[in-house]
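**Q** Need a 3D model of the sequence below.
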Amino acid sequence: MSRARPPPLVTGISPKEGPAWTKVTIRGENLGTGPADLIGLSICGHNCMLTAEWMSASKIVCRVGPAKDDKGEIIVTTKSGGLGTSTVSFKLLRPERIGILEQSAVWVDEVNYDMRTNRNKGISPFSLRPSNPLGIEMDKGKVPQKDLEQIFPGMSGDFTSENFSASWYLIENHAGSGFEQLKIAANNLKKQATKKNEGSLAYVKGGLSTFFEAQDALAAIHQRLESDGTEKVEGSMTQRLENILNRASDTADTLFQEVLGRKDKADSTRNALNVLQRFKFLFNLPLNIERNIQKGDYDVVINDYEKAKSLFGNTEVAVFKKVYAEVETRVEALRNLLLEKLLETPSTLHDQKRYIRYLSDLHAPGDPAWQCIYAQHKWILQLMQNCRDEFISVGAGALDLEGETRLAALGRLGHSASLKRGGSLRSVRPSTWRFETPQQVQFVEKLSDVVIGQLPNFWKLWISYVNGSLFSETGEKSGQVEKSKKNARQRQNDFKKMIEELTNRLVKLIRGALLPTTLPQGELQVYGGWEDKTELTGAWFTQIIHTVRGCHEALSTLEIPNDLLQVIQDLLLDLRVHCLMVTLLHTSEDVKRLAEKEDWVVDNEGITSLPSKFEQCLVHMLQSLKEPLEIKAGEINVGFEMSESEVFINCLEQLSMKADADFDVSHNVSVDLSSPDRFSSIQEGFIPTSEQRLLIILSNCQYLERHTFLNLADHFEKHGLTGTEKINRVSVDAIRELDGKLFEAYIERRADPIAGSLEPGMYAGYFDWRDCQTPSGVRNYLKEALVNIIAVHAEVFTVSKDLVSRVLSRIVESVADEMCRLMQCVSSFSKNGALQARLELSALRDAVAAYLNPDSNASFKQALDSLPQLHSGADKKLLEELLNKFKSSMQLQLTCFQPSNIQPIKR
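**A** Numbering: from 1, shown residues only. Predicted coordinates:
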């Protein structure tokens, strides 16, 4: 019959020699599958089973008994393997007899405590535990630790833990053990429990041979006494033995009192050293805490404190209480230090979270996170107010932005042509004007930097406070996360008021600097004080709007509720409206000064530089208004179309008003007809007459209507503005009204003298239509009138060919009307008088035929109809000859009136 396992084989013993009852460790192979499998153990022929303790299949611990042989083998016998063999031997030493006065070495079987050297880990009383409580071979499983934690939540595989789970321990350490092995483990546990209940049984087993010898001696004495029967007789052997023993005891006490006293003292010292060594973590902790605080190793301090609190927090030992109280004192000082650092400003969000976590792990009283939020809120408010006070207290020009910041700020407006128009529309600026940023602009940018730099971290700190991410795992286990969330829910309204106060402070500070009229009188003392600062242009307001919008967008990305940011939206609306008003006002002033730049030099089309400058001015205005008129998310339209129409109409009204007044060059093209000497600096010495100025202005008006207004409408649409049709319609109506006034003024100046000269010339030399000679040709007064008309033609043609037809048509109409009146005033005509009148009327009509209109044609027809008719063929022939003679003599002068030289203008 074959055995299940090979026989036991002993390959080593430690120590290899010693006296009786020496504790030895036997090592080898196949030494049994468990304590129950071990059925025999002999050393030097002595049975040692009573003291044997099976540890594993390769290790057995026992004590050597008082064997007869001095040297022998170690034989192990098991149920599974049978009788074993040994390759080593043990030498038994025979102790010498020791007298009562001779010194002897006392062997103390002390426990070697597992003292840990890691300063970050305390010594747990549970560190002294058997490595294999079940007494069978361990077979570690492959189940991950995380899976075990999920399967057994809140439990532990450590059998010394209060939350010990036997299932966890078996899966972790004996997943591969069979059922038989587990039965052996159960028996081992029963044996260990029995040993604990037996109390001093192990001690008895250790001195078992001594007890046997004593029992044999006592039994022999008892038999002797029974045989004598004198155990209670005075002077008997028993009495003598008792007296001898008492005297021996007294002598021993006298001899060994000092030795035993030193032994007791040594034992006390040894015990004290053991305590110090075992609990040196606690005794060194106060000093270690102080050192780690100085080095800033707060995590180490918290770790040590948690361990000390778990081990000694509830101790009743006086010395431990005293040391632990000192630890609490040091930790309280650390709490105060961390709270002071937490409330320091400025500080980063990372440091704030770190200090809050430290205080949470140290179980600091109160709510450090909320204290930090409150301190940050007050600090940001103070920063904003200090920013305003700094700019108010410093004189003009003493403050400036950093170079990069300033250039970047101006760079944001690099696309705006309104910053480049100073050379043409305003007085000459110094070359460094771009870098002289007004203090209000600097203030808004610095204030926005403060808000953008601090408020996001402030908001993130609150979010971390709400979701409980400020605490470590220790805080989560201790319930501080839930407590924090509860506190956050209770303080939501308080935090909302903080955000409202910050945004309101931002808005009021900006309003005090830019829009003081929008603040109550009582708040101007706190937020105002900018009265002596530079007045801002629309370009600077555009930059400010850009800055405030950037601030609003930065805060919106934090998911701050819109109702808390509405005050910033309201501020942006007021800034956009104010920027629009300031820009329109400054543009109006620029337009007013355009007339001062009029040089009256016309191009080939009769246009001066004034219309193009006017268009350029408005284009620059539109470019500078691009930012204010742009509608971002959540913003509303500021209604530019109405404001633009108003300013445009005002400009045109000024043009019309100045045209009616005596020459006073205003914001458009009107002239002073009576004060030509006002123009003292005309290019190339050209000094136009008042009539020429009227023609130049009329030409410019036509250009405005045909080109400038259309171009402006295109620019309006390009910039996304609405209402361009209304603007164009109102502007055209206004310019046409002005054009009509100026045209009538010019016709009055030119047509009235020509028409007024007809009657005196017609009756010069006492001419009488009823008594005159036979006509010999057209009289001089009519030729003079034609020459004057030709002079007007030349004047108009020099300025603008497009105005010739329009002007001459009105001149001819005025002359024809006057001739008709004069003819109708004649009571009667003689034959020669009628012929002369028809000749002059026909000559005048044929000469200006290219400029006749229905009214002038009607006047000529009415005048001819008022004359007697020519019935004689000779009279008609004479009339024709005289007309041909007139045309021949005036051919050169009348060439300018040819229809091929000028095209009529369609109005």
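
**Q** Quick check: the gap between the spatially closest residue to residue 139 that is not a sequence neighbour and residue 543.
**A** When the adjacent residues along the chain are set aside, residue 139 lies closest to residue 176, with 3.5 Å between them (CB to CB, 6 or more residues apart in numbering). For every residue, glycine as well, the C-beta is placed using N, CA and C. Note on residue 176: its distance to residue 543, by CB to CB, to the nearest Å, is 77 Å.

**Q** neighbour-wise, which of these two wins?
**A** Comparing residue 176 with residue 543 by neighbour count (other CB atoms under 10 Å), the higher total belongs to residue 543, at 24 against 12.

**Q** roughly how far apart are that one and residue 625?
**A** As it turns out, when the distance is counted by CB to CB, residue 543 lies 13 Å from residue 625.

**Q** Could you do residue 791 as well?
**A** 48 Å.

**Q** of these two, who's got more company?
**A** More neighbours sit around residue 625 than around the other of residue 791 and residue 625, counting by other CB under 10 Å; the figures are 27 against 12.

**Q** show me what contacts that one?
**A** Contacts here follow CB atoms under 8 Å, 6 or more residues apart in numbering; on that basis residue 625 touches 538, 542, 579-580, 583, 640, 719.

**Q** Which ones among these lie within helices?
**A** Within the contacts of residue 625, residues falling in helices by DSSP state H are 538, 542, 579-580, 583, 640.

**Q** Return the residues in contact with residue 886.
**A** Going by CB under 8 Å, 6+ apart, residue 886 touches 777-778, 839, 843.

**Q** Phi, psi for residue 26 please.
**A** Summarising the backbone geometry of residue 26 under the convention degrees, to the nearest 10, its torsions are phi -100, psi 130.

**Q** Now it. Nearest residue, chain neighbours left out?
**A** Taking CB to CB, 6+ apart as the measure, residue 26 lies nearest to residue 60, with 4.4 Å between them; neighbours along the chain are not counted.

**Q** How about residue 823?
**A** The spatially closest residue to residue 823, leaving aside those adjacent along the chain, is residue 863, at 4.3 Å (CB to CB, 6+ apart).

**Q** For the one you found, list the residues it contacts.
**A** 816, 819-820, 823-824, 841.

**Q** Type out the ChimeraX command that picks the buried ones from these.
**A** Listed next is the ChimeraX selection for buried residues among these, using 16 or more other CB atoms under 10 Å:
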select :816,819,820,823,841
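
**Q** how close does residue 871 get to residue 826?
**A** Distance check for residue 871 against residue 826: by CB to CB, it reads 19 Å.

**Q** Which of those two has more residues huddled nearby?
**A** With other CB under 10 Å as the criterion, residue 871 and residue 826 differ in neighbour count, and residue 826 comes out ahead with 16 against 8.

**Q** which residue packs closest to residue 879, ignoring adjacent ones?
**A** residue 839 (5.7 Å).

**Q** wait, isn't the one you found in contact with residue 882?
**A** Yes. In terms of CB atoms under 8 Å, residue 839 counts as a neighbour of residue 882; the distance is 5.2 Å.

**Q** Mutual contacts of the two, please.
**A** Counting by CB under 8 Å, 6+ apart, the common neighbours of residue 839 and residue 882 are 775, 777-778.

**Q** so of those, which ones are in strands?
**A** Of the positions in these, not one sits in strands, assigned by DSSP state E.

**Q** Now these in JSON lines, please, with extra columns for neighbour count, pLDDT and distance to residue 193.
**A** Listed next are these as JSON lines, based on neighbours: other CB atoms under 10 Å; pLDDT from 0 to 100; distance: CB to CB, whole Å:
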{"residue": "775", "neighbour count": "20", "pLDDT": "87", "distance to residue 193": "164"}
{"residue": "777", "neighbour count": "16", "pLDDT": "87", "distance to residue 193": "161"}
{"residue": "778", "neighbour count": "23", "pLDDT": "87", "distance to residue 193": "156"}
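
**Q** Reformat the residues you listed as CSV; add distance to residue 438.
**A** Converted to CSV, the shared contacts of residue 839 and residue 882 look like this (distance: CB to CB, whole Å):
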residue, distance to residue 438
775, 82
777, 79
778, 75
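
**Q** what residues are up against residue 822?
**A** Contacts for residue 822 (CB under 8 Å, 6+ apart) come out as 758-759, 762.

**Q** A helix includes it, no?
**A** Yes. When DSSP: H, G, I helix; E, B strand; the rest coil is applied, residue 822 is found to be in a helix.

**Q** State the pLDDT value of residue 85.
**A** Residue 85 carries a pLDDT value of 92.

**Q** Give me the phi and psi angles of it.
**A** Backbone torsions for residue 85, taken as degrees, to the nearest 10, come to phi -130, psi 170.

**Q** hmm, back to that, helix, strand or coil for the residue nearest to residue 26?
**A** Criterion first, three-state DSSP; result for residue 60: strand.

**Q** Touching, it and residue 51? I think so.
**A** No. Between residue 60 and residue 51 there is no contact under CB under 8 Å: 10.4 Å.

**Q** If you count surrounding residues, which of the two has more?
**A** Neighbour comparison, residue 60 and residue 51: the larger count goes to residue 60, with 26 against 19 (by other CB under 10 Å).

**Q** mind checking how far that one is from residue 183?
**A** In this structure, residue 60 and residue 183 are separated by 21 Å, where distance is defined by CB to CB.

**Q** now do residue 895
**A** With distances defined as CB to CB, the gap from residue 895 to residue 183 amounts to 141 Å.

**Q** Next: residue 850.
**A** Remark: distance between residue 850 and residue 183 (CB to CB) = 137 Å.

**Q** repeat for residue 323
**A** Here the distance between residue 323 and residue 183 works out to 48 Å (CB to CB).

**Q** the more surrounded of these two?
**A** When neighbours are counted by other CB under 10 Å, residue 323 comes out ahead of the other of residue 323 and residue 183, with 19 against 13.

**Q** Could you look up the SS state of the more buried one?
**A** helix.

**Q** now it, nearest residue through space, not along the chain?
**A** The nearest residue in space to residue 323 (CB to CB, 6+ apart) is residue 282, at 5.5 Å.

**Q** Out of the ones in helices among the contacts of residue 625, which two sit at the greatest distance?
**A** Taking CB to CB as the measure, those span a maximum distance of 13.9 Å, between 542 and 640.

**Q** And the two? Which one has more around it.
**A** Ranked by neighbour count (other CB under 10 Å), residue 542 and residue 640 place residue 542 first, with 27 against 21.

**Q** quick one: average pLDDT of stretch 21-37?
**A** Across stretch 21-37, the per-residue pLDDT values average to 91.

**Q** can you check stretch 318-328 too?
**A** pLDDT averaged over stretch 318-328 gives 85.

**Q** Would you mind listing the buried residues in that stretch?
**A** 320, 323-324, 327.

**Q** Switch the ones in helices among the contacts of residue 625 over to a markdown table; also include distance to residue 369 and pLDDT.
**A** Output for the ones in helices among the contacts of residue 625, formatted as a markdown table (distance: CB to CB, whole Å; pLDDT from 0 to 100):
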| residue | distance to residue 369 | pLDDT |
| --- | --- | --- |
| 538 | 46 | 77 |
| 542 | 42 | 83 |
| 579 | 42 | 79 |
| 580 | 46 | 77 |
| 583 | 48 | 77 |
| 640 | 49 | 53 |
